[in-house]
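Chemist: For reference, the sequence and a predicted model appear below.
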Amino acid sequence: MISLFFSALIYASLALCVLLSYRVAKVVNLSFGSIFTLGGYLSVFSLFITPIFGAWIGLLLHIGSKRMDASKATIFSLGIAIAIEEALRILFRVENILLDSRIFYFFGYKLVFEHFLASMISATFLILFLAFELKKPFSRLKLKVIEEDIENAELYGIDAEKARAIVLVISSAFFCSIGGLYLSGRVISPTIGWLYMIFSLFIATIANVFREKAYILLLPTSFGVCWLV
Amino acid sequence: MLEVIEVSKMFGRNVVLKNVTFSLKNGILGIYGANGSGKTTLLKIISGFEKPSCGRVFFNGREITNKAPQEIVKLGVAMAFQIPRVFWNLTVHENVLLAARETDYTAEICKELNLEDVLFKKAKEISQGKVKLLQLAMCFALKPKLALLDEPFASLDAENVEVVLEFLKKRGSEISMIITAHRTKILKTIASQMLEIRGGKIVGSS
Amino acid sequence: MLVSIAIRILVLVLLILPVFLDCYTKLLAASALTLAIFTVSWLYLEKDLGWASLGHSIPFGVSAYLFAINPLLLFFSPLTTFLLFPLSIFGKHTFPFASFVFSVFLWYLAHHIVFEGKGGEEGFRAPSINLDLIYLISVTILILSCLLIWKISNSYFGLKVKAVRDDEIAAKAIGINSLPFKVFGFAISCSLASIAGILHAAIFGHVSPGVFSPYFSLFPFVAATIGQGKIWSSILGSYTVVFLSWFLSPYVPEFHYAIYAVALILASYTQSYARSDRSV
C-alpha cells in the first residue's frame, strides 16, 4: 500500500508536467520518456547533474519549437526524444545497465531509498504547485489565459514565451531528476523511459477530461490508475 | 415550399430563437436584423447544421427537422455560409465541380460569378471576395429548389456586390431563396418578402 | 520534371536490379520493397485524407502476427482498419500522437502474446516463402498499389475523398456524407499496410514484437519526409533509410534512429501535416 501511494505521487507529478506542457507550452512532449531515461543514465555519474541536463534539454526544446503549432512542436519533441535515445546508445555501448540502489526500512516496510526520495520530491512539487494555484491568483489567471489562447494572452501583454520556457525547463528538469532516482535498482536500456512517459500521458489525459479541475484531480486519478494497474 | 413552425433554439441558458414561425411559398425572402439576432442560427436549423431545441421544419410537405445536412441538400435545400466553407486545397474548378457534378454547368456558373480568372487556382490562393463568390457558386451548382444565403454581400467590394446582385436576380426567377443581411438597403432591391428578426423573435414582416 | 523522371527511372532500376544479384542483397531489397509499400499506404492516408498516422505499424504488425499465427487468419487483416480508424475521434491534430501511443502500447502488449506455447518476446515463426517468388510478388504489389492510388486519387470519387479531407462541414453542405469516404480511405491505407506486414513476415519467416516498435511506426513518416511527400521520391526514401541503416549499423548502433531524429526535427520545420482546416 505504501509503495502504491509513493508510485501514485510520482506519476501524479509526472502527469502534472505532461499536462502543463500540453496546456501552457502547447506541446505533447514526447521527449519526456527519453529525458527520464537520460536521468537514469546520468545517475551513474551523479544525481546532482540530472536536473541541469534536463533543464538544458527543456530549453533546447523551447528554442527549437518556438512559434510552432502543437502538431509540429510535438513532432519536434519526438525527434529530440529519438536523438537522446540514439545518443545514449552511442555513448553507452553496453545497452543494459543495472543501477545501484540503497535499501532502507520505513515503518517496517522495505523501501528503495531513491524511490522514497523521488516520491518526497514529487510530493513537494505537487504541494508547491497547489500553493501556486491557491496563493497566486493573478499568476494563475495569467496561466489560464495562456492555456485558453496564447495569441490572445500576448495581445494583452502576458509574456507567453517566458511562461512556455519556464514550463518546459522545469518539467524537463523534473522528469530527468525523477528518472535518475526512480530507475535506481533497475536494469535500464535507452527505451525504458517510453513506458513511464506513456503511463504519465495516460493519467494526464484522464485528468484533462475534468478541464479546470484537472490539476486538482491529478493525484486521485493517479492513485486510481496505479491501484487498477 | 418551406414551413418553419415555432422553432426555438437555446445554447445553454442563452435563448437565441424564440418560437419563430414563418412560411415561404416561392420567391426571395429577406431576413434582416442586428448582429446576434439569430439569423444565422435560423438558417443553420433549416439546413440541418443545428438542431432546434423545439419546433418543426417542413420542406415541400416533408419534415426535415433533425435530418442530417447532406440529406437535406439532397431534398433541394442548399446553404452558403457567411464565413465561407470551401475545400481549400482543391482548385476553384474542382470545388464547383464537386457540387455541380458536370463540367459544362461548372463552367457556366463560374462564368456568371466572374470566377473564370481563378478557375485553376487553389481556393486557399484566391482573395476573400473570390472565396465568397466561390461559396455562392458551390451553393447554386447544386441546382437547389431553395437556397439559404447567409450574408452573401458581406466582405464584398462594390464591383462584386453588383455581380452577386445580378446573379441572384437572374436565378431568383427559378430558385427560391432566403437571404439574410443586417442592412436592408440591398436586400430590398431583390427580396419579394421581408422579415425583421430581433432578439431571436420575428418582430415584423412586409 | 527532369528530376521526377530521373527518380522514376532510379526506382525502376532499384526494383529490377536485385533480381540479378545475390541472395543477401535481394533480401535487403525485398525488405526495402515491403517498407516502400508500407510508405505508399501511409502516404495515401496523409495526402488524400489528411490523417498523418504515427502508428501505422498497427495494421502492419497485426497482419504480420495474424499471418504468423495462422495464415488462414489473413482474411481478418482488412479488419485492422477498425483498430486505427476509431482513433480518428481525437481529431486531425491529436491523431498522430494517439496512434503513436497506441502502437507503443501494442508493442508492449505483443511481448505477452502467447499462442500454443509460442510467441512472447521471441515472437512467432511465419510461413517462409521462396525469396525470388516473394520478391516478384512484392514488386507487383508495389506497382499495383501505386496504380490503384493514382487511379482513385484522380477520379471523381477521389475528389470527394479530398473534399472530406479539406472540410467535412463544407462536404456536408454539398451533400457528401463524410463517414463512408473516411472509412474507405482508412480501409485502402490499412489494407495496403497489412499486405506490407504480411510480405515482411513472409520474407523474414519470423515476426517479433518489434513490428510494433517506433522503427516501424515512424518509418513511413520518415521516408515520406525524405521524399517530400511525393510518391516516387518516398519509395526512394524508403530504400535510402533501409540501405543506410543496414550498411551503417555496424559503426553506429541502430543508425536508422539517427536518420529518424534528423527527419522528424526537419519535418517539424518544413512540412505541414494534418492539412485541411483553413476553415474559420
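Modeler: Cool, got the structure. Residues are numbered from 1 along each chain as shown, chains lettered A, B, ... in the order given.
Chemist: For the residue positioned nearest the centre of chain B, which three-state class applies?
Modeler: The centre of chain B sits closest to B:Leu149, judged by C-alpha atoms, centre = their mean, with a distance of 1.9 Å. Under DSSP: H, G, I helix; E, B strand; the rest coil, B:Leu149 falls in the strand class.
Chemist: try C:Ser53
Modeler: C:Ser53 carries the three-state label coil when classified by three-state DSSP.
Chemist: Next up, phi/psi of it, please.
Modeler: Note on C:Ser53: backbone dihedrals following degrees, to the nearest 10 are phi -90, psi 130.
Chemist: wait, it sits on C:Thr94?
Modeler: No: under the criterion of C-beta atoms under 8 Å, C:Ser53 lies out of contact with C:Thr94, with a separation of 12.0 Å. (Glycine included, C-beta is placed from N, CA and C.)
Chemist: For these two, work out which one has more neighbours and name it.
Modeler: Applying other C-beta atoms under 10 Å in any protein chain shown to C:Ser53 and C:Thr94 shows that C:Ser53 carries more neighbours, namely 30 against 18.
Chemist: Name the residue of chain C that lies nearest to chain A.
Modeler: Going by C-beta to the nearest C-beta, chain A is nearest to C:Leu264 of chain C, at 3.2 Å.
Chemist: Over to the residue nearest to that residue when sequence neighbours are not counted. Which of the three states is it?
Modeler: When the adjacent residues along the chain are set aside, C:Leu264 lies closest to A:Gly79, with 3.2 Å between them (C-beta to C-beta, 6 or more residues apart in numbering or on different chains). Secondary structure state of A:Gly79, per three-state DSSP, is helix.
Chemist: List the contacts of A:Gly79.
Modeler: C:260-265, C:267-268 (C-beta atoms under 8 Å, 6 or more residues apart in numbering or on different chains).
Chemist: at 7 Å instead, please
Modeler: Listed by C-beta atoms under 7 Å, 6 or more residues apart in numbering or on different chains, the contact set of A:Gly79 reads C:261, C:264-265, C:268.
Chemist: ok, which pair from the residues you listed is furthest apart?
Modeler: Comparing every pair within the contacts of A:Gly79 by C-beta to C-beta identifies C:Ala261 and C:Ser268 as the most remote, at 11.3 Å.
Chemist: ok, how many other residues are close to residue 7?
Modeler: Since you didn't name a chain, this refers to chain A. When neighbours are defined as other C-beta under 10 Å, A:Ser7 has 22 of them.
Chemist: oops, I was thinking of chain C
Modeler: 18.
Chemist: What sits closest to it if chain neighbours are left out?
Modeler: Counting by C-beta to C-beta, 6+ apart, the nearest residue to C:Ile7 once its immediate chain neighbours are dropped is C:Trp232, at 4.9 Å.
Chemist: got it, and A:Leu20?
Modeler: Once its chain neighbours are removed from consideration, A:Leu20 has its nearest residue in A:Val167; the separation is 5.0 Å (C-beta to C-beta, 6+ apart).
Chemist: helix or strand right after the helix or strand containing that neighbour?
Modeler: Take DSSP states H and E as the rule and A:Val167 turns out to sit in helix A:160-182. Tracing the chain C-terminally past helix A:160-182 and defining elements by DSSP H and E, one meets strand A:187-188 next.
Chemist: helices or strands up against that following strand?
Modeler: Where contact means 3 or more C-beta pairs under 7 Å, 6 or more residues apart in numbering or on different chains; DSSP states H and E, strand A:187-188 is packed against helix A:32-42.
Chemist: for the record, mean pLDDT for the helix it packs on?
Modeler: Rounded to a whole number, the mean pLDDT of helix A:32-42 is 94.
Chemist: quick one, strands of chain B?
Modeler: B:2-11, B:14-24, B:28-32, B:54-59, B:62-63, B:77-80, B:146-150, B:176-181, B:193-198, B:201-205 (DSSP state E).
Chemist: To chain C, which of these lies closest?
Modeler: Put simply, out of these the one that sits nearest chain C is strand B:77-80, at 5.6 Å, with distance taken as C-beta to the nearest C-beta.
Chemist: And the closest one, how far out from the chain middle?
Modeler: In terms of C-alpha atoms, centre = their mean, to the nearest Å, the gap separating the centre of strand B:77-80 from the centre of its chain is 5 Å.
Chemist: So for that strand, mean pLDDT?
Modeler: Per-residue pLDDT over strand B:77-80 has a mean of 92.
Chemist: Within the sheet, what are the partner strands of that strand, with directions?
Modeler: For strand B:77-80, sheet partners with direction are given as strand B:146-150 (parallel), following DSSP bridges.
Chemist: I'd like to check what contacts the partner strand. Which residues are they?
Modeler: Identification of contacts with strand B:146-150 by C-beta under 7 Å, 6+ apart yields B:1-2, B:40, B:43, B:46-47, B:59, B:76-82, B:139-140, B:175-180.
Chemist: Neighbours of the residue in chain A positioned nearest to chain B, how many?
Modeler: Shortest chain A-to-chain B distance, computed as C-beta to the nearest C-beta: residue-wise this is A:Arg211, at 15.4 Å. The number of residues packed near A:Arg211 is 8, by other C-beta under 10 Å.
Chemist: And the pLDDT for it?
Modeler: For A:Arg211, the model assigns a pLDDT of 74.
Chemist: B:Arg13 now?
Modeler: B:Arg13 carries a pLDDT value of 79.
Chemist: Next, the contact list for the residue nearest to C:Ile7, please.
Modeler: C:7-8, C:11.
Chemist: check which helix or strand covers it.
Modeler: Assigned by DSSP H and E, C:Trp232 belongs to helix C:231-248.
Chemist: List the buried residues for that helix?
Modeler: Residues of helix C:231-248 classed as buried under the neighbour-count rule (16 or more other C-beta atoms under 10 Å in any protein chain shown) are C:231-242, C:245-246.
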